[in-house]
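Asks: what follows is a predicted structure for the sequence shown.
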Amino acid sequence: MKYAIEMRNVSKRFTTAAGTEVVAVDNVTLEILDGEFFSLLGPSGCGKTTSLRMIAGFELPTAGEIYIHGKPMDATPPNKRPVNTVFQNYALFPHMTIGQNVAFGLEMERLPRAEITRRVGEALELVRLSGYENRKPHQLSGGQQQRVALARALVKRPEVLLLDEPLGALDLKLRKEMQLELKKLQREVGITFVYVTHDQEEALTMSDRIAVMNGGRVLQVGTAAEIYERPVNRFVADFIGETNFLKGTVVMATDEPDRYLVRLEGGAMLMASCEHPLQPGQQVVVAIRPEKMHLNGSRRFGPYADNHVHIPGRVQEIVYIGTDTHYDVALEAGPIVRVREQNSGVFSPRLALLGEAVSVSFDAAVARILVD
Amino acid sequence: MKHRRPFWLYLIVVLVYIFLYAPILVLIIYSFNASRVNVRFEGIVNIEPCGPFYWFCQLSRNHEVINAARNSLIIASISTLGSTVIGTMAALALQRYEFPLKRFSEGALYIPIVIPELVMGIGILVLFTTVFRAINTALDLQGNARLGMGLGTVIVSHIAFSIPFVALVVRARLHGFDRAIEEAARDLGATEWITFWRITLPNIAPGVLAGALLAFTLSLDDFVITFFTTGPGATTLPIYVYGLLRRTITPEVNALSTIWILLVFLLLVVIQRVQGQQR
């Protein structure tokens, strides 16, 4: 099995100026496949950027080993690694023209002048900036500078391209455009992308696989759908998309493997799955996505299927957002849940009125039992 | 709405400028004095072939002056080169590395800016004489081979007192320097050495140049430290002028000072231009 990047039990500890030790990356093991678009996703300070910097060679691991295409990196300096980086604030050389910026990496390889000129032209064409060779970085817009940074890294034909929140400084509309453009580019050039972001939507949109990180650890690795549909713990469920959490107690294990009977706060019972072994009496959290819940008010009575759970409550807030309408329902047991109903018709009627007594229902099969 | 500033503020400004520039102006005017004794102004000199620039002509025929000027330029050039290289390295080290006694070494670097020049001059003199005597006795050097004061000692001491100024100016420039561009260069395959020459230096060049020009003017102007460290054949312009003053104050001295002021003024204009470009 050939991996583009392997991190084996990698840790990074820093000592701050005040003398306290900070664990930025805590025993991380990752396998990134050749040619995949892999994202490191997590809140700021979760260790994703430090991980990327260790792959690039700007930081050396305190413990563990990093392999690039099977070769151990040890203390190999950044200039000897077959990877290139697109920096968060682009880090273009301000005293050089765009052409000189892109050519720099090739000059370091001592390629003949003619080949450098040709490849710089190709790279700028790839990012649709032909004709900008003689401009200085400060004469370009943020999006254009971003594309120069991309061209400067790609012109080296690296085995792996590392991207550190490359779209972080762009406005929303440009971000969305660049997301699709980056994804398309990655498919065209066919090299491995390791992409660091704190934006879960960005990660879901672009990645083949995502590693969700928090507190220096990798919590879950999987495709967008795996992470969204089967989050391993409360943090992942909460960080990726919106989730309703209901407290509950394990009543008993069922005959089916990994299926448990859980009593929710307020008394409702449901059967749901969990990969962890659970003990009767154990406190758990049941996670259900808002779009998988339904509202049953005076104007609609939901499908009473076998395994549907109904919980009574009162509508507290109704928010119309175009594609959907959100109903925030205060359950009798206390928690407030959000139900997202799609507005599929023209002027879809409200399913309930503000303050109305309703019940929310969901198929127990979509519920996830989370231990923490 | 315009806010009226009080009149006395303007008055202070005018007085300050008079105190700063009136002596210089008088000095320049007296370099055209018709009288040989430079205490009274007796009209503008007009002796052929130089006309009003008679004292300047006299000066150009004075071999001692030309020698002193050459010494000053040699000392200023070499000491500028030395202090700029060392000062820039010190600024870079203080900016980016953590090392034991860092705070102490940073403070120690800037102390020479504030301690009296006289103290430093005497200190350097004692250091040189002690070390030279020890070496001369140990190696039993005789005659010309004996180590003594001269151009070399002046250059070394000028390098020493210019380093903190250069370091200060370069550090100011480094504050706005984004180290990510150095990482980008390393990432693109550049060694540390190439990164310094092609990325770091071009970006901090205005600061380095400003520091160098400052060191150059400081060296050119210095009297006190030079006075203590100079030796036979190493007379600089300030030392020479001081020597002239002890005899008589002729307009020749004024002519020399005029040229000198213009030169330093020109350098300062260049420094300001360079620093202006930093923004």
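Replies: Received the coordinates, thanks. Residues are numbered from 1 along each chain as shown, chains lettered A, B, ... in the order given.
Asks: how about residues contacting the top helix by length along chain A?
Replies: Determined from DSSP state H, the single longest helix within chain A is helix A:172-189. For helix A:172-189, the surrounding residues in contact (Cβ atoms under 8 Å, 6 or more residues apart in numbering or on different chains) are A:37, A:126-127, A:142-143, A:146, A:150, A:154, A:163, A:166-167, A:170, A:193, A:202, A:205-206. (Each C-beta comes from the backbone N, C-alpha and C, glycine too.)
Asks: again with stretch A:133-143
Replies: With Cβ under 8 Å, 6+ apart, stretch A:133-143 has contacts from A:90, A:92-94, A:96-99, A:101, A:120, A:124, A:132, A:145, A:148, A:169-171, A:174, A:177-178.
Asks: one more time with 6 Å, if that's ok
Replies: A:92, A:94, A:97, A:98, A:99, A:145, A:169, A:170, A:174 (Cβ atoms under 6 Å, 6 or more residues apart in numbering or on different chains).
Asks: quick one: average pLDDT of that stretch?
Replies: The average pLDDT for stretch A:133-143 rounds to 90.
Asks: okay, that stretch in CSV with CA atoms only?
Replies: This file holds the C-alpha atoms of stretch A:133-143, laid out as CSV (Å, rounded to 0.1, in the frame of the first residue of the first chain):
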residue,chain,number,x,y,z
GLU,A,133,4.2,38.3,-15.2
ASN,A,134,5.6,41.8,-14.8
ARG,A,135,3.2,43.0,-12.1
LYS,A,136,4.2,43.2,-8.4
PRO,A,137,2.2,41.3,-5.8
HIS,A,138,0.7,44.4,-4.2
GLN,A,139,-0.9,45.4,-7.5
LEU,A,140,-3.0,42.2,-7.5
SER,A,141,-6.3,41.5,-5.7
GLY,A,142,-6.4,39.0,-2.8
GLY,A,143,-7.9,36.3,-5.1
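Asks: ok now that stretch, how far from the chain's centre?
Replies: Chain-centre distance of stretch A:133-143: 30 Å, with Cα atoms, centre = their mean, to the nearest Å.
Asks: flag every buried residue along it.
Replies: A:133, A:137, A:140, A:143 (16 or more other Cβ atoms under 10 Å in any protein chain shown).
Asks: what's the closest of these to chain B?
Replies: Checking the buried residues of stretch A:133-143 against chain B by Cβ to the nearest Cβ gives residue A:137 as the nearest, at 10.1 Å.
Asks: where does pLDDT dip in the stretch 1-150 of chain B?
Replies: B:1-2 (pLDDT under 70).
Asks: what is the distance between the strand or helix carrying residue A:228 and the centre of its chain?
Replies: Residue A:228 belongs to helix A:224-229 when assigned by DSSP states H and E. With Cα atoms, centre = their mean as the basis, helix A:224-229 stands 10 Å off its chain's centre.
Asks: gap between residue A:353 and chain B?
Replies: 55 Å (Cβ to the nearest Cβ, to the nearest Å).
Asks: burial of the nearest residue to that residue once chain neighbours are set aside, as a residue count?
Replies: Closest residue to residue A:353 apart from its sequence neighbours, by Cβ to Cβ, 6 or more residues apart in numbering or on different chains: residue A:315 at 6.8 Å. Neighbourhood size, residue A:315 [other Cβ atoms under 10 Å in any protein chain shown]: 22.
Asks: again, but for residue A:229
Replies: For residue A:229, using other Cβ under 10 Å, the count is 15.
Asks: what residues are up against it?
Replies: Per Cβ under 6 Å, 6+ apart, neighbours of residue A:229: none.
Asks: would you confirm that residue B:252 contacts residue B:60?
Replies: No: using Cβ atoms under 6 Å, residue B:252 makes no contact with residue B:60, being 10.4 Å away.
Asks: more neighbours, these two?
Replies: residue B:252 (22 against 12).
Asks: and the more buried one, how far from chain A?
Replies: Distance from residue B:252 to chain A, by Cβ to the nearest Cβ: 48 Å.
Asks: so that residue: helix, strand or coil?
Replies: helix (DSSP: H, G, I helix; E, B strand; the rest coil).
Asks: same question, residue A:26
Replies: Look at residue A:26: counting by three-state DSSP, its state is strand.
Asks: in helices, which of the buried residues of stretch A:133-143 appear?
Replies: Short answer: the buried residues of stretch A:133-143 in helices (DSSP H) are residue A:143.
Asks: farthest-separated two in the buried residues of stretch A:133-143?
Replies: Using Cβ to Cβ, the pair of the buried residues of stretch A:133-143 lying farthest apart is A:133 and A:143, separated by 17.8 Å.
Asks: which strand residues bridge residue B:51?
Replies: residue B:47 (DSSP bridges).
Asks: for it, grab the count of nearby residues.
Replies: Neighbour tally, residue B:51, other Cβ under 10 Å: 12.
Asks: and residue A:300, what's its pLDDT?
Replies: For residue A:300, pLDDT reads 51.
Asks: what about the helices in the chain?
Replies: Unless you meant another one, I'm taking chain A. A:48-56, A:98-108, A:113-126, A:142-154, A:172-189, A:200-206, A:224-229, A:234-239.
Asks: correction: the question concerned chain B.
Replies: B:7-30, B:54-60, B:63-96, B:102-114, B:117-139, B:151-174, B:180-187, B:192-195, B:201-221, B:224-229, B:237-247, B:251-277.
Asks: the third one packs against which elements?
Replies: When contacts are defined as 3 or more Cβ pairs under 6 Å, 6 or more residues apart in numbering or on different chains; DSSP states H and E, helix B:63-96 packs onto helix B:151-174, helix B:201-221, helix B:237-247.
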